[in-house]
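1. build me a model from this:
(chains A and B, ligands or ions: 1)
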Amino acid sequence: MRSIRYREAVREALLEEMDRDEAVFLMGEEVGHYQGAYKVSEGLLAQFGEKRVIDTPIAEAGFAGIGIGAAMTGLRPVIEFMTWNFSFVAFDQIISNAAKIYQMSGGKITVPIVFRGPNGAAKQVGAQHSHAVSPFYVSIPGIWVAIPSTPRDAKGLLKTAIRDDNPVVFLEGETLYNVKGDVPETDDDELIPFGKARIAREGDGCTIVAWGSPYYTALEAAEELAKDGIECEVVDPRTLRPLDIETIVESVKKTNRCVIVHEHWPYGGPGAEIADQVQRRAFDYLDAPIERVASLDLPMPYATNLETLVLPTVPRVVEAVRKATYAR
Amino acid sequence: MTTIRRFEEESARAYAQGKIGGFLHLYIGQEAIAVGAAHALRDGDHVFQTYRDHGIALALGMTPRAGMAELFGKDTGCSRGLGGSMHFFDVENGFFGGWGIVGGHLALAAGAAFKSKYLNDGKVTICFFGEGATNIGGFHEAMSLAGLWKLPIVFVCENNQYAMGTPMSRTSAIEDLTLKAAGYGMIGDRFEGHDIDTTTSRLQLAVDRARNGGGPTFIEVQTYRFRGHSMSDPAKYRSRAELEERKKSDPCHIARTRLMEAGITEDQLDDIDVEIDTQIDDAIKFANESPPASEAFMHNSVYAPSLITDPHRYDPTNGGQA
Ligand SMILES: Cc1ncc(C[n+]2csc(CCOP(=O)(O)OP(=O)(O)O)c2C)c(N)n1
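-> Residues are numbered from 1 along each chain as shown, chains lettered A, B, ... in the order given. Alright, predicted model coming up:
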């Protein structure tokens, strides 16, 4: 194990997969000469050349579609959205084409493609640039959705995503690129399967399900609560589709409480889906209603005093756990 | 133009001090275009711009106070601190926004022009965007519809040579962007945008054409941004020599020369500069002292006052307002 940044972990996954498979290429805005808007693809152009690290004009619908077409006919594209906010202009390509091709072709055509890029609010980038997009993509059958929180998960999940024969929406945390964490040595070739949650912290007081940036908010809240004797179990689903509901339900059966923390809006989405599945599968075990801590139901305001109110915070998670454990 | 230049310089400073957050895209080097456009327009006309929107907002009459307070995230800002640098709005002065998604606002501008045709109100719309935007679908669909329906609009492509770090040679198969307009049956014009006299007169021609029923025009103005794409871009993709060469045609210097040719003295110009400095200092002070963006307003900012529970209140004779 060595400690590397999330950004480097993503980069290593790209590098290793491109190295082992000639069919894998990276395409997107500023991925080559600029070395990536977030420096994720640093050095890849020098290593693989312009044939495989391809700078595009600003044309998301076009290059998403080109990626899908290339995937249908034998290549394994990795398409980078500079941020997921810009994927909406390509949404039709993903929902109408990528997600449908395998079924519509009677199982004849596969679409081994990864769409990846930074997701979620950064700091003060306003209403049009702060989307946490998982609810939109996770609702589409035919697409997998991965959302790694740690460098190790980012690397292992991305390698799996690139090798899979289905379209994968791979949501990196825009605020997580500098996070450091342990990652196995490069020759380990660690592949993390989809649909396997990770228990980040054990406890019997309350289950907290969290992913993406708020995963760290949840861990911090858990430490805070531990001081008052409430030991939380923090579960990171790692992929939202497929969703490892078993691990979450097992945890809730142990703790009898459940708090779900996420950055996307509260209406619908994976937060609501998990709450629904937990209440049906673990109804007899729940000692309190399931609580959810989400972004407020608003477009993101620019001003920093308001942005901090909108995003999930440690105090909000602490309060939700206290409520679920009747500890306040 | 100097007001814009000084406003941008001070925003960069305030950004470095952490008073401004998020993305900040400066207009330094492109001032002659916004100011030329503002001259060519009349009250009541409509303007749409990208996130690089401070210049045109000020040119159309927004006060530096309202702009700076927005950048500082204050309730007194032009968008009450909710929009930020990329989303200035000033409807009273005809400014319908700074927009963040490349290509996304072109159809909106065409929509404003559609309104003018629908109501026959004699107004013109100008829509600004970068050369990078001419590669996205939103550009082509808006141009196609505006050309088809002969809408009273002027599309102004501010070709500052780079889309973020990518030079145009790597984003467009053709160099003369007016060729893209030809396919939509639209008149094209193309010129350098450093001289305020040129930008004003050429934009005036297109605006007049639109106002007189001559349909839309696509204009490629060649310009250059003296700073990085945004504050987080060190602009390593271009050489110092290139930048220095471009700075020789600094639109603010050219404007100064033009004014002196017109008989204004150096002393008079210096006095104006001092006045502008005072105004910008005042804007910074105002922004610093203003109350923060309002939480109460944020909660009321999602929907306009709505009559869905009482639809009978709709009154078409009152512009649809309840
Ligand atoms: C659809 C979309 N894709 C990507 C981006 C990220 N982005 C913001 S500005 C920009 C470059 C735009 O260049 P250009 O259109 O030439 O305008 P300039 O900034 O030079 O004025 C990019 C890629 C975006 N905002 N929207």
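2. the closest residue to the ligand within chain A and chain B: what is the separation?
-> As assessed by Cβ to the nearest ligand atom, the ligand sits closest to residue A:86 within chain A, at 3.7 Å. In short, each C-beta sits where N, CA and C put it, glycine included. From residue A:86 across to chain B, the span is 7 Å (Cβ to the nearest Cβ, to the nearest Å).
3. show the contacting residues for that residue.
-> By Cβ atoms under 8 Å, 6 or more residues apart in numbering or on different chains, residue A:86 lies in contact with A:60, B:101-102.
4. just the buried subset of the residues you listed, please.
-> For the contacts of residue A:86, a burial check counting by 16 or more other Cβ atoms under 10 Å in any protein chain shown picks out A:60, B:101-102.
5. circling back to that earlier point, let's verify the residue of chain A closest to the ligand: helix, strand, or coil?
-> Secondary structure, DSSP: H, G, I helix; E, B strand; the rest coil: residue A:86 is helix.
6. rewinding a little: in helices, which of the contacts of residue A:86 fall?
-> Judged by DSSP state H, helices contain the following of the contacts of residue A:86: residue A:60.
7. ranges for the strands of chain A?
-> A:2-5, A:24-28, A:53-55, A:76-80, A:114-119, A:144-146, A:168-173, A:180-183, A:198-201, A:206-210, A:232-236, A:239-241, A:258-261, A:291-293 (DSSP state E).
8. deepest-packed of the ones you listed, please.
-> Across those, the average number of neighbours (mean count of other Cβ atoms under 10 Å in any protein chain shown) peaks for strand A:206-210, which reaches a mean of 30.
9. please, where are all the strands along chain B?
-> With DSSP E as the criterion, chain B has strands at B:46-50, B:95-99, B:125-130, B:153-159, B:162-163, B:166-167, B:187-192, B:217-222.
10. in a markdown table, list those strands along with mean pLDDT, mean neighbour count and distance to the ligand.
-> Output for the strands of chain B, formatted as a markdown table (pLDDT from 0 to 100; neighbours: other Cβ atoms under 10 Å in any protein chain shown; distance: least, Cβ to the nearest ligand atom, whole Å):
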| stretch | mean pLDDT | mean neighbour count | distance to the ligand |
| --- | --- | --- | --- |
| strand B:46-50 | 98 | 26 | 6 |
| strand B:95-99 | 98 | 23 | 9 |
| strand B:125-130 | 98 | 28 | 2 |
| strand B:153-159 | 98 | 29 | 6 |
| strand B:162-163 | 96 | 23 | 3 |
| strand B:166-167 | 96 | 18 | 8 |
| strand B:187-192 | 98 | 17 | 16 |
| strand B:217-222 | 98 | 24 | 11 |
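11. need these in a markdown table (columns: distance to chain A).
-> Formatted as a markdown table, these follow (distance: least, Cβ to the nearest Cβ, whole Å):
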| stretch | distance to chain A |
| --- | --- |
| strand B:46-50 | 11 |
| strand B:95-99 | 7 |
| strand B:125-130 | 9 |
| strand B:153-159 | 13 |
| strand B:162-163 | 6 |
| strand B:166-167 | 6 |
| strand B:187-192 | 20 |
| strand B:217-222 | 16 |
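12. nearest spatial neighbour of residue 286, chain-adjacent residues omitted?
-> Since you didn't name a chain, this refers to chain A. Sequence neighbours aside, residue A:256 is the residue nearest to residue A:286 in space, at 6.2 Å (criterion: Cβ to Cβ, 6 or more residues apart in numbering or on different chains).
13. wrong one, I was asking about chain B
-> Of all residues not flanking residue B:286 in the chain, residue B:65 sits nearest, at 4.5 Å (Cβ to Cβ, 6+ apart).
14. wait, what's in contact with the one you found?
-> Residues in contact with residue B:65, defined by Cβ under 8 Å, 6+ apart, are B:76, B:282-283, B:286-287.
15. so which of the residues you listed wins on neighbours?
-> residue B:287 (26 neighbours; other Cβ atoms under 10 Å in any protein chain shown).
16. that one reaches residue B:72, doesn't it?
-> Yes - here residue B:287 reaches residue B:72: they are 4.1 Å apart, a contact under Cβ atoms under 8 Å.
17. what sits in contact with each of those two?
-> In contact with both residue B:287 and residue B:72: B:14, B:19, using Cβ under 8 Å, 6+ apart.
18. turn the buried ones among the contacts of residue A:86 into JSON lines, including pLDDT and distance to residue A:304.
-> Below are the buried ones among the contacts of residue A:86 laid out as JSON lines (pLDDT from 0 to 100; distance: Cβ to Cβ, whole Å):
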{"residue": "A:60", "pLDDT": "98", "distance to residue A:304": "29"}
{"residue": "B:101", "pLDDT": "98", "distance to residue A:304": "22"}
{"residue": "B:102", "pLDDT": "98", "distance to residue A:304": "25"}
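19. got these as JSON lines, with distance to residue B:162 columns?
-> Converted to JSON lines, the buried ones among the contacts of residue A:86 look like this (distance: Cβ to Cβ, whole Å):
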{"residue": "A:60", "distance to residue B:162": "19"}
{"residue": "B:101", "distance to residue B:162": "19"}
{"residue": "B:102", "distance to residue B:162": "13"}
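20. Serialize those to TSV and add fields for distance to the ligand.
-> Output for the buried ones among the contacts of residue A:86, formatted as TSV (distance: Cβ to the nearest ligand atom, whole Å):
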residue	distance to the ligand
A:60	6
B:101	5
B:102	4
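21. list the contacts of the residue nearest to residue A:327 when sequence neighbours are not counted.
-> Nearest non-adjacent residue to residue A:327, counting by Cβ to Cβ, 6+ apart: residue A:230, 6.2 Å away. Residue A:230 makes contact with A:203, A:205-206, A:321-322, A:325, A:327 under the criterion Cβ under 8 Å, 6+ apart.
22. give me the pLDDT value at the residue nearest to residue B:286.
-> Model confidence at residue B:65, given as pLDDT, is 98.
23. equivalent analysis for residue B:316, please.
-> pLDDT, read off for residue B:316, is 80.
24. try the one 5 residues further on
-> At residue B:321 the predicted local distance difference test score is 54.
25. close to chain B: what parts of chain A are there?
-> Within chain A, the positions near chain B by Cβ under 8 Å from any Cβ of the partner chain are A:29-30, A:33-34, A:37, A:55, A:57-62, A:85-86, A:88-89, A:122-129, A:297-299, A:301-306, A:309.
26. can you flag the buried ones in those?
-> With burial judged by 16+ other Cβ under 10 Å, the buried subset of those is A:29-30, A:34, A:37, A:55, A:57-62, A:85-86, A:88-89, A:122, A:124-129, A:298-299, A:301-304, A:306, A:309.
27. so which of those residues belong to helices?
-> Those of these mapping onto helices are A:60-62, A:304, A:306, A:309, per DSSP H.
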